[in-house]
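Novice: test case, fold it:
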Amino acid sequence: MFAEAAEAALARGDPETARLASESYVGDLLPDSLYEDWSQPARDRLRLLNLAVLRQGRRWDRLLQSDPNDEEACREVMRVALSAGRQHTAVASYGRLRTSLRAELGIVPSAETDAVYDECTRSLATAESTFLGRQLEVLTVTSRLRLDSPSAATIVAVRGPAGIGKSAFCREVVAIAETEGWRAVAVAAAVSEGPYAVLIAAIDQIIATDPEALEAVGPRGRAVLAKLSPLVEAPTDLKMPVTRHQVIGAVRRLLTAASGVRGIVICVDDAHVADPATLEALFHLGAVSSAPILTVLSYRAPAAHGVLRDGVARAVRAGAAIGIDLEPLDQHEARALAASSGLVDCDDTVTELVGLAAGNPFFVLELVKSAAAGGELRIGCSPQDAIAARFTDLDDGATANLRRLALAGAHLDLASVLALTGTDEVEAFALLDAAISAGVLAVSGGGYRFTHELVRQSMVDEISPHRQVGVHRDAARRLEEVNGSPGLIAQHWLDGHRPDRAAPWLLSAAHASVDLAAFRDALAYLEPLLSHAPRHVDALLLRATCLEALGETGALRAYAEAARAASPTAAHEILARQALAQVKQGDPAGALRTLEGAVPVTVEGRLARALTLSGAAALGFGDPTRGTITASESRRLALSSADSASLVVASWANAAAAHARGELRGSVWIDLEETRDLPHLAVNVFDGQLCITQRLLYGSRPYADVIAFADSLGAEAQRIGAARGAAFARTIGGEAKMLAGRLDEAEIDLSAAEGLHHAIAATTGEAFSLQRRADVALYRGNDEDARAMLDDALAIAQDSEVGFHLFDRIYGARILAAHSPDAALVALDAAEAAVLGPAETCPGCRITFAVPAAIAAARAGDLDRALRYEQAATYLADVVMRLPAWFAALDEVRGHLRGAEGDLATSRARFRRAANVYRQAGQPLDAARCRNLATVRQPARAFPYEQRGPRSVG
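Specialist: The predicted structure is shown next:
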């Protein structure tokens, strides 16, 4: 009997006896009753006994089969394979262990296991070419790495054609960075890897070597990172959908925690094929002052898509980018490279080689290899011929299989090699050996990659178009069998001219992208799906969702198109969502028309309808009584759904309806009482109505009344122990004192409010209080202090689930804190890229950005832009806010705009009018600013920039 034999063997401690005992283990006890609770204890006991005798008997291969996460067993299997000259068996074992640990435990192999892996791969490693030349470019990067300045560039754009040496240059940058005291993380982008693929690779590298860095990210940040990487365990659940700002904030905190003495360098090779979500995040990493983060992007300029081109251009305009265009090597450098690779410096041969390579380093090396192998350098011989010479020693079967792998993509693991070639492990290892020996493949991170994109493309070019179609289809089928990436499977079906088979995978990839707020990635998946099936309702609705999230005006047409394609019942649900989107985009009248006849029945649809009606009523459209009823309904639906995101929006609607009735203060008192014993609910409720409660300010009532209300609300909150209510009261009181010109008192209140919010982990309130403290600093003329506070506020806001109430305010204040018209325009550029769609902005907060944006554009002479923001500010002041101080702000905007147009008389009149309305609203500092501006007798751009403050309202 196995149990008795195993226990006896373990007692003796004898390996041979343990091996004999292990032979009597026949597998799981009672395999037909695996899910019966009564059988589990005995079964687990026998399993553990089996593992113990396998370990004692050093049956490492069987132990690893029984427990794929056993690192000791894996190391021993790798060592046995290495001693037998079977390096690929060792690499494959490591790859399986790494995959299993990541999927099941969320960890990576230990340093001890990695050391055995490194030993295995040394003999398989492809020698990197010697780095020669590029002295000026190297000096440029080295100078940046040695520069310790907050204004230093955060982006290095390395551009050049294929083979020009971008990858080698990136390796040199990494080496220099590490020498200079920077932490360096190098990753390579690949096609069809999914959203945030490059960031995920960087995250995994950092966690593998510095897991303690995760502690600095915070619970919510770790929960966000857990959405990206299985190596991160979520300590808490996210109660709302993840946003791109949360991803950016969490990644920045991780990078900051893992940085070296000087900072951290993220080097991305082949950035032209990186996914849009990754690139957007990389360009925003430097938006907050922290440990320096330098992003190096290596790419082919003609292949760069819009996100990459626009991001680099924006960074260049901001003075935050260094552009490095790698040119062909000159003759001296090319000859030196050839000599370093072993070519005897025979003038005729080298001269011909240099001429054929045309200064392209990769082609120089390929031609050197061809010559060294006895290949003939002849007139008409091309570098492509030299690349093809790599394949001459491969048999037809190996070449055919490598072509399959070349079509599959750049990065491969053993599972994909087996699936795509249809070989067993023995055949696959022989293929990999031959490919590595020929310089076609190289070992990389537990898997394999082509040594160069030109090598991969050369193999692809050898496959005739009609055969490529068949190979793609076969690859798609095989990847389906091994649960490959949906995006990669879809791409193979598309390349195989089978969009029908690609459709479900495209939809799956799009949904996965939306779950990570990677909306541009999702749209890229939906485009070919809808080209094939233009009335695919799920795809049409998802496209509308993405367009709305990005703030695109085409979202409304997309919703309408989805409704037309849907069944009558589903159309009602879609029209409710379209109507709500119209309210958010500033068309409440159109929203009410869209909603006519729509009777949604789902909770989501009914909530959208209720929010539309209450929101429109709050904006002065529709019946206020009906708005109150529907606001109450939306709150009831949100509470019943237990959905935090819905509750936040419903709280906004409830407060908006109360404001429309003139009962906002009473509504705040009711919220205070109702949430006194429900702290988390209180946070959602007060966060949701943040922008509505701002209507207590800006001249709606005398500021003395607002301060008295805040004091009484705060006293009651303290009496009943309502921490969020107390923090809110301190904030609104501090704001009122600030706008009334009582800056010292305001600073005291807002500092206290910041601390109160921090103590209860109310990040929205904390970021808001800090932004308001920055406003106080701006009123005092302490711009540098204000900028530092705004950096901190943005970092906190990116951890918030209600960032859409914060980003307009923070980025608007950053524009005001700029030190010159040009700097303000740079801040405006950054804001326009950072604040998109309803997840990042809201109608009630947008004016805090539109006013500074219009003024900045006017002062910088960008009149078209200034007019666009003036039109937005007009709607927001006249329709959304309808408060005296915002009418004054609109006059101030028009004063700047008329001045920029050269109409100084009208400009001064507008400023005088603004000053008068500010004074009547009780905001003396804003009134004083506009009186000063009314005395200036110069065009707007010539205004002394110091005269911009005290700040504009917001």
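
Novice: mind checking how far D275 is from E112?
Specialist: Distance of D275 to E112, computed by CB to CB, to the nearest Å: 34 Å. C-beta here means a position set from N, CA and C on the backbone, and glycine is covered the same way.

Novice: higher neighbour count, these two?
Specialist: Looking at D275 and E112 with other CB atoms under 10 Å, you find the greater number of neighbours at D275, namely 27 against 10.

Novice: D521 is in contact with that one, correct?
Specialist: Yes. Here D275 reaches D521: they are 5.3 Å apart, a contact under CB atoms under 8 Å.

Novice: pull up the overlap in contacts between the two.
Specialist: The contact sets of D275 and D521 overlap at G194, P195 (CB atoms under 8 Å, 6 or more residues apart in numbering).

Novice: contacts only, for G666.
Specialist: A658.

Novice: got the phi and psi for it?
Specialist: phi -60, psi -40 (degrees, to the nearest 10).

Novice: and C267, by the same measure?
Specialist: phi -110, psi 120.

Novice: L394 contacts N401, doesn't it?
Specialist: No. Using CB under 8 Å, L394 is not in contact with N401, being 9.4 Å away.

Novice: so which of the two has more stuff around it?
Specialist: Per other CB under 10 Å, whichever of L394 and N401 has more neighbours is N401, with 22 against 18.

Novice: that one and R449, how far apart?
Specialist: N401 is 16 Å from R449, by CB to CB.

Novice: likewise L488?
Specialist: 15 Å.

Novice: more neighbours: which of these two?
Specialist: L488 (22 against 19).

Novice: spit out the contact partners of the more buried one.
Specialist: L488 neighbours (CB under 8 Å, 6+ apart): S192, E193, A408, G409, L479.

Novice: quick one: the strand or helix carrying it to chain centroid distance?
Specialist: In this assignment (DSSP states H and E), L488 forms part of helix 486-495. Remark: helix 486-495 is offset 23 Å from the chain centroid, using CA atoms, centre = their mean, to the nearest Å.

Novice: likewise for stretch 883-893?
Specialist: Distance, centroid of stretch 883-893 to centroid of chain: 36 Å (CA atoms, centre = their mean).

Novice: same deal with stretch 464-482?
Specialist: 31 Å.

Novice: repeat that for stretch 318-331.
Specialist: 27 Å.

Novice: one more: stretch 552-560?
Specialist: 24 Å.

Novice: strands along the stretch 351-500 of the chain, start to end?
Specialist: Under the criterion DSSP state E, counting those that start in this stretch, the stretch 351-500 of the chain carries strands at the ranges 411-412, 441-444, 447-450.

Novice: tell me the mean pLDDT over the first one?
Specialist: Along strand 411-412, the predicted local confidence has a mean pLDDT of 78.

Novice: before we move on, what about stretch 93-102?
Specialist: In this model, stretch 93-102 carries a mean pLDDT of 77.

Novice: give me the contacts around it.
Specialist: 64, 68-69, 71, 74, 77-78, 81, 107-109, 113, 116-117, 120, 230-231, 413-415, 446-447.

Novice: that one: how far from the chain's middle?
Specialist: With CA atoms, centre = their mean, you get 26 Å for stretch 93-102.

Novice: same check on stretch 176-190?
Specialist: Per CA atoms, centre = their mean, the centroid offset for stretch 176-190 relative to its chain is 20 Å.

Novice: immediately after the helix or strand harbouring E72, which helix or strand?
Specialist: Assigned by DSSP H and E, E72 falls within helix 71-83. Of the helices and strands lying after helix 71-83 in sequence (DSSP H and E), the nearest is helix 87-100.
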